[in-house]
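Asker: next input, structure requested:
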Amino acid sequence: VMDGSDSEQVAWYETSSYARDYRTMLLITDGQYYDLTERLNTSVFYATVKIIERFNLRAVPSVVYQADKYMHVKEININEISQ
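Answerer: Numbering: from 1, shown residues only. Model (predicted):
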């Protein structure tokens with residue numbers, strides 16, 4: 001889940017392993033899904049309020065994944081990665 005209008009987050013996604021993983025579903029909280037679909041060559045969907053509340057998302061970008069029978073949210077600090 002990321003803010004598609006934030007160029008730093010989009011750049012992070014492009015260079016991440018998630019961009020090359022066919023199992024990844026990209027959700028955005030803001031931005032133009034069509035432009036991102038073209039740029040990233042993948043399907044892009046809007047994160048609805050229901051999704052944001054269900055996973056208790058507090059920051060983007062975040063990675064939501066399943067481990068065993070539980071769902072986990074990992075917040076990504078792109079400032080730490082780029083240093």
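Asker: who does the lowest-mean-pLDDT helix or strand in the chain touch, helix- and strand-wise?
Answerer: Lowest mean confidence among the helices and strands of the chain (mean pLDDT, DSSP states H and E): helix 78-81, at a mean of 80. Identification of packing neighbours for helix 78-81 by 3 or more Cβ pairs under 8 Å, 6 or more residues apart in numbering; DSSP states H and E yields helix 7-15. Any C-beta I mention is one placed from the backbone N, CA and C, and that applies to glycine too.
Asker: list the contacts of the helix it packs on.
Answerer: Taking Cβ atoms under 8 Å, 6 or more residues apart in numbering as the criterion, the residues outside helix 7-15 that touch it are 2-4, 19, 26, 31, 36, 39-40, 60-61, 76, 78, 81-82.
Asker: please repeat the previous calculation with a cut-off of 10 Å.
Answerer: Under the criterion Cβ atoms under 10 Å, 6 or more residues apart in numbering, residues 1-4, 6, 18-20, 24, 26, 28-31, 35-36, 39-40, 42, 60-61, 76, 78-79, 81-82 lie in contact with helix 7-15.
Asker: just these: which are in helices?
Answerer: Secondary structure of the contacts of helix 7-15 is defined by DSSP state H; positions in helices are 35-36, 39-40, 78-79, 81.
Asker: report the buried members of the contacts of helix 7-15.
Answerer: Among the contacts of helix 7-15, those buried by neighbour count (16 or more other Cβ atoms under 10 Å) are 1-4, 6, 18, 24, 26, 28-29, 31, 36, 42, 60-61, 76, 78.
Asker: those in strands, which ones?
Answerer: If you go by DSSP state E, these have 2-3, 26, 28-29 in strands.
Asker: closest to K50 among the residues you listed?
Answerer: Nearest to K50 among these is T29, at 12.9 Å by Cβ to Cβ.
Asker: residues contacting that closest one?
Answerer: Residues near T29 by Cβ under 10 Å, 6+ apart: 1-6, 9, 46-49, 51-52, 57, 60-62.
Asker: redo that, cut-off 7 Å
Answerer: By Cβ atoms under 7 Å, 6 or more residues apart in numbering, T29 lies in contact with 1, 3, 47, 60.
Asker: tell me the two of those residues that are most distant?
Answerer: Maximum distance among these (Cβ to Cβ): 9.8 Å, for D3 and A47.
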